[in-house]
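1. Fold the following.
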Amino acid sequence: MKSALRILPALLALVLLTGAAKKPDLTVRFHAEANRMDTERFSQAITLKYPPRQAFIEKVPSLSERHIQAIYPFRAEDGTWGCAFQLNASGRINLEVLSTERRGSSLVAFVSSKVGTHQVIDMQIDSVIRDGIITVHHGLTELEIAALGKQFPLLGQSRKKRA
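-> Residues are numbered from 1 along each chain as shown. Have a look, this model is predicted:
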């Protein structure tokens, strides 16, 4: 009985550390185009929008909200919103490697909320990106931009945690 009580604080701490982390209201994931020969374990079929075609994307995202350091939202010509995402050091390196190795393929952006997930845009990788900024030119909603604004500072603002 005493040994069980000794490990109880450690178990409680483990549960709090793993389960108590607040999940973001909105996730942003960028998936790279995959090889058609990859198995279903590593890739999934998708219809790309720009231009419309069948393709495969990797199941594991190349970049995610964990890599985002700051955002710069803007109104797109089609009435939706666009957003530039400044990535942290890890994200910048991932983007540079991705844009070097996968030139000519597509990068697909997805946004997920409690309501669901939608494909925002797919972008063709046409050059090496070294500055760590990835821009989604359109396809975001006003609510998604508001949620992003609560999660991340605007480009140029201090890194204070936003409420």
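
2. all helices for the chain, in order.
-> 2-19, 89-101, 142-151 (DSSP state H).

3. List phi and psi for the nearest residue to residue 138 once chain neighbours are set aside.
-> Distances taken as C-beta to C-beta, 6 or more residues apart in numbering place residue 76 nearest to residue 138, at 3.6 Å, with adjacent residues excluded. (Each C-beta comes from the backbone N, C-alpha and C, glycine too.) With angles defined as degrees, to the nearest 10, residue 76 sits at phi -90, psi 160.

4. Roughly how far does residue 75 sit from residue 36?
-> Distance of residue 75 to residue 36, given as C-beta to C-beta, to the nearest Å: 37 Å.

5. hang on, I meant residue 154
-> 40 Å.

6. which of those two has more neighbours?
-> Neighbours per residue, other C-beta atoms under 10 Å: of residue 154 and residue 36, the larger number sits with residue 154, 13 against 10.

7. What is the neighbour count of residue 26?
-> 19.

8. Isn't it up against residue 145?
-> No. With contact defined as C-beta atoms under 8 Å, residue 26 does not reach residue 145; the gap is 9.6 Å.

9. in stretch 137-151, what counts as buried?
-> Within stretch 137-151, the residues scored as buried using 16 or more other C-beta atoms under 10 Å are 137, 138, 139, 140, 144, 145, 147, 148, 151.

10. Which residues outside it are in contact with it?
-> 24-26, 28, 65, 71, 73, 76-78, 80-83, 109, 111, 113, 120-121, 123, 162-163 (C-beta atoms under 8 Å, 6 or more residues apart in numbering).

11. Would you map the strands across the chain?
-> 27-32, 43-49, 52-58, 63-64, 68-75, 81-87, 106-112, 117-124, 133-140 (DSSP state E).

12. Surely residue 136 and residue 109 touch.
-> Yes. Residue 136 sits in contact with residue 109 when judged by C-beta under 8 Å, with a separation of 5.3 Å.

13. Common neighbours of those two, please.
-> Common neighbours of residue 136 and residue 109 (C-beta under 8 Å, 6+ apart) are 120, 121, 123.
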